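Peer 1: Got a predicted model here, sequence first, then my questions.
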Amino acid sequence: MAEAVLFAHPDYPVPGHAKVWAARTSDGAGLRLASWRPTVKPARGTIVVVQGRAEFIERYSETVAELRRRGFHVLTFDWRGQGGSQRFVRRERKGHVGRLKHYEADLALVMAEMQAKLPPPYFALAHSMGAALCLDAARHGALPVSRMVALAPMLGLTMIAHQARASRLASLLYWLGFGRAFIPGGGETAIATKPFDGNRLTSDPVRYARNSALSAEARHLSIGDPTIAWVRTAFRLMARLNAPSAALQVKVPTLIIAAGLDPVVSTPAIERFAARLKTGSALVLPTARHEILMESDPIRAQFWAAFDAFIPGEDQQPAAASTGEAREGSLMQRLAAGGEDAPPAGGAAAVP
């Protein structure tokens with residue numbers, strides 16, 4: 001892997017005073033990690049930001065700054081095979097991971113680094129693939145956090161019509177030796193650099209253009225389409241989480257926030273999973289696309305109001321939000337913390 005540094009984009013700088021380092025998993029993979037101290041006192045604990053597929057640390061600069069202003073230490077990292085972490089294919093633009101246990105080793109390393117270097121209490125803010133991996137880890141005590149916010153977790157894929165057939169095909173191709181090959185029709189172009197019109201990620205053209213420029217400039221951090229092995233891994237993870245008992249086994253209080261217009265992951269699958277949670281519930285943001293943290297200001301204000309109501313919990317008060325973030329605060333407080341407008345335990349509610 002390359003030296004553990006952050007990429008300095010002139011138009012989108014990462015927050016200053018970051019600590020950046022490399023660490024190795026139990027199976028020898030090198031990961032890039034970064035952490036920041038809060039910008040206000042008193043400190044309220046540590047948030048680990050867990051990315052989705054094809055992302056990297058620098059894309060979360062805005063979110064990192066917002067969390068620091070709320071009084072949190074922030075930790076984030078790049079999964080193996082993407083960003084500044086080690087890659088295991090000759091053509092490094094392939095989005096590749098070999099098996100599910102490799103991602104589990106990545107997450108175990110990050111949890112150990114968090115506990116060794118950053119102060120409790122611990123919380124998780126996870127997106128898409130990362131959210132699914134955190135939900136799975138939370139089933140068997142491998143996610144040592146007090147609470148988790150899971151954004152658009154990858155529990156089903158909207159873009160694939162016949163998922164069972166695709167899963168069988170991915171497994172067949174994997175065992176025939178094509179695991180490191182791109183998916184059929186796949187290539188090295190990063191999804192974030194494709195045209196805004198028709199994109200699956202966000203309705204916000206400004207944030208999309210910012211991330212597109214960042215991915216184009218930091219080409220060494222970006223990846224293209226996934227490999228057959230990654231797809232096989234994704235289907236195995238989703239099958240595990242869609243087992244009837246899976247949601248019941250999640251041991252971390254969880255707020256799931258889904259996107260109503262998500263063309264990447266299945267919002268109905270998320271709602272079904274949330275309905276079975278013992279210690280969680282779900283909100284649906286009707287006009288959001290897949291990347292909720294990269295969405296428009298009104299959608300992000302709804303997210304932050306829900307986040308502030310849920311994290312760090314009932315024993316502490318959230319830091320003062322900005323005017324935009326507070327717009328939906330009253331409703332979100334009731335939805336996330338309980339009250340007459342709250343959904344039933346384990347249910348889902350749409351935010352108007």
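Peer 2: Everything's here; your move. Given the structure is predicted, the values throughout are model-derived calculations rather than measurements.
Peer 1: Tell me how many other residues crowd residue 212.
Peer 2: 20 (other CB atoms under 10 Å). (C-beta placed from N, C-alpha, C; glycine too.)
Peer 1: Tell me if I'm right that it and residue 189 touch.
Peer 2: No. In this structure residue 212 lies outside contact range of residue 189 using CB atoms under 8 Å: 11.3 Å.
Peer 1: for the stretch 251-352 of the chain, which spans come out with low pLDDT?
Peer 2: Across the stretch 251-352 of the chain, the ranges flagged by pLDDT under 70 are 313-352.
Peer 1: The spatially most central residue of the chain: what's it in contact with?
Peer 2: The C-alpha lying nearest the average C-alpha coordinate of the chain belongs to residue 127 (CA atoms, centre = their mean; 1.8 Å). Contacts of residue 127 were listed using CB atoms under 8 Å, 6 or more residues apart in numbering, and they are 50, 51, 52, 55, 151, 152, 291, 292, 293.
Peer 1: just the buried members of these?
Peer 2: Burial by neighbour count, 16 or more other CB atoms under 10 Å: within the contacts of residue 127 this picks out 50, 51, 52, 55, 151, 152, 291, 292, 293.
Peer 1: show me where the stretch 251-352 of the chain has strands.
Peer 2: Under the criterion DSSP state E, counting those that start in this stretch, the stretch 251-352 of the chain carries strands at the ranges 254-259, 280-285, 348-350.
Peer 1: Residue 305: which of those strands is closest?
Peer 2: Smallest distance to residue 305 across those (CB to CB): 10.0 Å, for strand 280-285.
Peer 1: thought residue 121 was touching residue 47?
Peer 2: No. At 10.0 Å, residue 121 and residue 47 do not qualify as touching, with contact defined as CB under 8 Å.
Peer 1: Comparing these two, which residue is more hemmed in?
Peer 2: Each of residue 121 and residue 47 has its neighbours counted (other CB under 10 Å); residue 47 has more, 29 against 15.
Peer 1: what's the nearest residue to the more buried one if we skip its chain neighbours?
Peer 2: Of all residues not flanking residue 47 in the chain, residue 72 sits nearest, at 4.6 Å (CB to CB, 6 or more residues apart in numbering).
Peer 1: so what's the one you found up against?
Peer 2: By CB under 8 Å, 6+ apart, the residues touching residue 72 are 38, 43, 44, 45, 46, 47, 123.
Peer 1: Who does the fifth one form a beta bridge with?
Peer 2: Beta-bridge pairing of residue 46 under DSSP bridges involves residue 73, residue 122.
Peer 1: Would you mind measuring the gap between the ends of stretch 217-237?
Peer 2: This stretch, stretch 217-237, spans 32 Å end to end (CA to CA, to the nearest Å).
Peer 1: Now that stretch: average pLDDT?
Peer 2: Averaging pLDDT along stretch 217-237 yields 95.
Peer 1: And stretch 116-127, by the same measure?
Peer 2: 98.
Peer 1: Same question for stretch 153-171.
Peer 2: 89.
Peer 1: what's the closest of the contacts of residue 72 to residue 297?
Peer 2: Checking the contacts of residue 72 against residue 297 with CB to CB, the nearest one is residue 47 at 21.0 Å.
Peer 1: ok, the closest one to residue 119 distance?
Peer 2: Separation of residue 47 from residue 119 (CB to CB, to the nearest Å): 12 Å.
Peer 1: Need the residues touching each of the two.
Peer 2: residue 73.
Peer 1: partner residues bridging residue 127?
Peer 2: Beta-bridge partners, per DSSP bridges, of residue 127: residue 151.
Peer 1: mind checking the longest helix of this structure?
Peer 2: Across the chain, the longest stretch assigned as helix under DSSP state H is helix 100-117.
Peer 1: ok, how many other residues are close to residue 288?
Peer 2: 29.
Peer 1: And for residue 159?
Peer 2: 10.
Peer 1: Show the contacting residues for residue 295.
Peer 2: Contacts of residue 295 by CB under 8 Å, 6+ apart are 202, 203, 204, 207, 285, 288, 289, 303.
Peer 1: By neighbours, which of those wins?
Peer 2: Counting neighbours by other CB under 10 Å, residue 288 leads the contacts of residue 295 with 29 neighbours.
Peer 1: what's the closest non-adjacent residue to it?
Peer 2: That would be residue 259: by CB to CB, 6+ apart, it lies 3.9 Å from residue 288.
Peer 1: State the distance from the one you found to residue 102.
Peer 2: From residue 259 over to residue 102 the distance is 27 Å, taken as CB to CB.
Peer 1: With residue 194 instead?
Peer 2: For residue 194, the distance to residue 102 - CB to CB - is 27 Å.
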